[in-house]
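[1] One predicted model, sequence on top.
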Amino acid sequence: MTGFATFGVNIAAALLLGVLIGLERQWRQHTAGLRTNALVALGAALFVGLSTLYEQESSPTRIAAQVVSGLGFLGGGVILREGLNVRGLNTAATIWCSGAVGSLAGAGFPLEALVGTLGVLSIHLGLRPVTRWIDRRTKTSMDVETLYTLRVETRPDHDARIRHILMRHVNGHDKLTLQGIATDDASPDRTAVIATIYSPDRNDRAMEELVARLSLEPDVKLVSWQRQAA
């Protein structure tokens, strides 16, 4: 087989395997879906395949190292932080794996690339029920480290009072720790005091007691809280 034919077969294999990974992501409605994963695998294969076209100096591993660095920037772009929640980690990791699959195919190892593709798909499809079971358990379990986000909206000149109540109530509780507190202008006539509270165990009752205390303040307009596993 000529060099051009080998190059074409490797690129086609990378594209096909990238499509297989992307189909699962597209079906799950993730940010990086069919086209993104196919393009990542194809691009990685093209870069690595470029080195194989030079007869005198063929170094696929050197090109692959640069592909890995580039994918780090691409993956970082799909990771989003929303408050205490971080989204896009699985998507970024999948993009990284698609690049690895494309690099293997582009370097002339289609069978190894297929093994990598099957590994990625088995993780997404096979471990999904396990992660769902764990998530359901943590939602009902009481022995889980928990971070609470408490939001209190009050008059702009009343935030110091809210901070004082928060610190006194949390510091007086043996299982709550105030991790951070911030103030945000929710509207011209309202200031939002946002506190992050840590508990070694799930303690919704303590949060409800804190909400009840804050609700007694005449200038408090809104009090809400949410939790997540620490």
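    That came in fine, so what should we check first?
[2] could you say what helices and strands the biggest helix by length in the chain packs with?
    Ordering each helix of the chain by length in residues (DSSP state H) puts helix 3-27 first. Judged by 3 or more CB pairs under 8 Å, 6 or more residues apart in numbering; DSSP states H and E, helix 3-27 is in contact with helix 34-52, helix 89-106, helix 110-126. C-beta coordinates here come from the backbone N, C-alpha and C atoms, glycine included.
[3] Can you tell me which of the ones you listed is packed in deepest?
    helix 89-106 (a mean of 24; mean count of other CB atoms under 10 Å).
[4] so what's residue 43 up against?
    Contacts for residue 43 (CB atoms under 8 Å, 6 or more residues apart in numbering) come out as 67, 99, 102.
[5] ok, it to residue 189 distance?
    Plainly put, residue 43 is 52 Å away from residue 189 if you go by CB to CB, to the nearest Å.
[6] Secondary structure element for residue 212, which one?
    Using DSSP states H and E, residue 212 falls within helix 204-215.
[7] continuing past that helix, what's the next helix or strand?
    Next along from helix 204-215, by DSSP H and E: strand 220-229.
[8] Within its sheet, name the partner strands of the helix or strand residue 195 falls within and how each one runs.
    For residue 195, the host element (DSSP H and E) is strand 190-199. The pairing partners recorded for strand 190-199 under DSSP bridges are strand 146-154 (antiparallel), strand 177-187 (antiparallel).
[9] Spit out the contact partners of residue 28.
    With the criterion set at CB under 8 Å, 6+ apart, residue 28 makes contact with residue 124.
[10] Please tell me the pLDDT value assigned to it.
    pLDDT, residue 28: 73.
[11] separation between it and residue 132?
    Distance of residue 28 to residue 132, computed by CB to CB: 13 Å.
[12] again, but for residue 110
    33 Å.
[13] picking that back up, rebuild the helices and strands packed on helix 3-27 as TSV, extending it with mean pLDDT.
    What follows is the helices and strands packed on helix 3-27, written out as TSV (pLDDT from 0 to 100):
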stretch	mean pLDDT
helix 34-52	76
helix 89-106	80
helix 110-126	84
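[14] Compare these and give me the one nearest residue 184.
    helix 89-106 (26.3 Å; CB to CB).
[15] helices or strands up against that closest one?
    helix 3-27, helix 34-52, helix 60-76, helix 110-126.
[16] got a list of contacts for the last one?
    Spelled out, it's helix 110-126. 9-10, 13-14, 17, 20-21, 24-25, 28, 90, 94, 97-98, 100-102, 104-105.
[17] how far is stretch 95-103 from where the chain is centred?
    Centroid separation for stretch 95-103 versus its chain: 18 Å, with CA atoms, centre = their mean, to the nearest Å.
[18] Likewise for stretch 11-19?
    How far stretch 11-19 lies from its chain's middle: 26 Å, per CA atoms, centre = their mean.
[19] Show me which of the contacts of residue 43 is closest to residue 148.
    residue 99 (38.2 Å).
[20] can I assume the closest one is in contact with residue 71?
    Yes: the pair residue 99 / residue 71 is scored as a contact, 4.4 Å apart, by CB atoms under 8 Å.
[21] overlap in contacts of these two?
    40, 44.
[22] what's the longest helix of the chain in contact with?
    Helix 3-27 has contacts (CB under 8 Å, 6+ apart) with 1, 32-42, 44-46, 49, 52-53, 91, 94, 97-98, 101-102, 105-108, 110, 113-114, 116-117, 120-121, 124-125.
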